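In: Fold the following for me, if possible:
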Amino acid sequence: MACVNCLAESFQQDACNASASWVGEDEEAASLRLLQLAGKKVSGSCDTSGCPQCSGQPCPVCVQMKEIDCCLDDACHGCSGETCPYCRNLERKKCCAGKWMGKYTGKCEGVDLPDYESCPKCSGAPCPVCIQSKDVDACLEDACHGCGGEQCTYCRKDHRATCCAGKNLAAYLDACKA
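Out: Alright, predicted model coming up:
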């Protein structure tokens, strides 16, 4: 299936825009394809097969909820007793990052996530490149909070690699370019 003006699974094309559509699919099918792609990015080992279907595809809020749980389970593997809730709270922001449906999962309460809803839409879903750009910007802001002037430039440069790590669209993100 060819992709026009959006990011395909290979992410070799330019960032998507509000008029994105998949060749040969109607707008609803294209929206579902993007939701599916957005849900696949975090963990290939997370079992989301039990999620109910939304127009023939796993519902994104369920997929993202399970991915957040898997992320928290992986991050806190081996914890016991009182350390588990502490670990899960410590890792929650990292696991909720990039989850544009995170606020509807019940897993990201109290987490200050970027405003994914302000991203341009790719067939009804926030464009993945915008989501990742907002995550990188939030990471850099957290890392360099309280800096001023030239100090901020150096701080952002020092933390760029860490904040861009794991972002499969880093090549398209201004904050990740040298």
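In: residue ranges of the strands in this protein, please?
Out: 3-4, 21-22, 53-54, 57-58, 121-122, 125-126 (DSSP state E).
In: Give me the pLDDT value at residue 94.
Out: pLDDT for residue 94: 92.
In: what about it, how many residues close to it?
Out: By other Cβ atoms under 10 Å, 15 other residues sit near residue 94. Just so you know, the C-beta spots here come from the backbone N, C-alpha and C atoms, and that holds for glycine as well.
In: Please verify my assumption that it contacts residue 75.
Out: Yes: if you go by Cβ atoms under 8 Å, residue 94 and residue 75 touch, sitting 7.2 Å apart.
In: returning to what we had before: just checking, which of the strands of the chain comes out with the lowest mean pLDDT?
Out: Among the strands of the chain, strand 3-4 scores lowest, with a mean of 30.
In: low pLDDT regions in the chain?
Out: 1-44 (pLDDT under 70).
In: Of all residues in it, which one is nearest the centre?
Out: Centroid-nearest residue in the chain: residue 98, 2.0 Å away (criterion: Cα atoms, centre = their mean).
In: List phi and psi for that one.
Out: Taking degrees, to the nearest 10, you get phi 80, psi 0 for the backbone angles of residue 98.
In: mind checking how far it is from residue 105?
Out: 13 Å (Cβ to Cβ, to the nearest Å).
In: Can you give me the neighbour number for residue 90?
Out: 13.
In: all helices in this structure, in order from the N-terminus.
Out: Along the chain, the stretches classed as helices by DSSP state H are 27-40, 60-75, 83-96, 128-143, 150-164.
In: chain center to the second one: distance?
Out: Helix 60-75 has its C-alpha centroid displaced from the chain centroid by 12 Å (Cα atoms, centre = their mean, to the nearest Å).
In: before we move on, the earlier item: take the helices of the chain and write them to a markdown table, including distance to residue 120.
Out: Output for the helices of the chain, formatted as a markdown table (distance: least, Cβ to Cβ, whole Å):
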| stretch | distance to residue 120 |
| --- | --- |
| helix 27-40 | 12 |
| helix 60-75 | 17 |
| helix 83-96 | 21 |
| helix 128-143 | 6 |
| helix 150-164 | 21 |
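In: wait, which of those helices is closest to residue 50?
Out: Residue 50 lies closest to helix 60-75 among the helices of the chain, at 7.8 Å (Cβ to Cβ).
In: Contacts for that closest one, please.
Out: Under the criterion Cβ atoms under 8 Å, 6 or more residues apart in numbering, residues 35, 38-39, 42-43, 45-48, 50-52, 54, 87-88, 91-92, 94-96, 99-102, 104-108, 125 lie in contact with helix 60-75.
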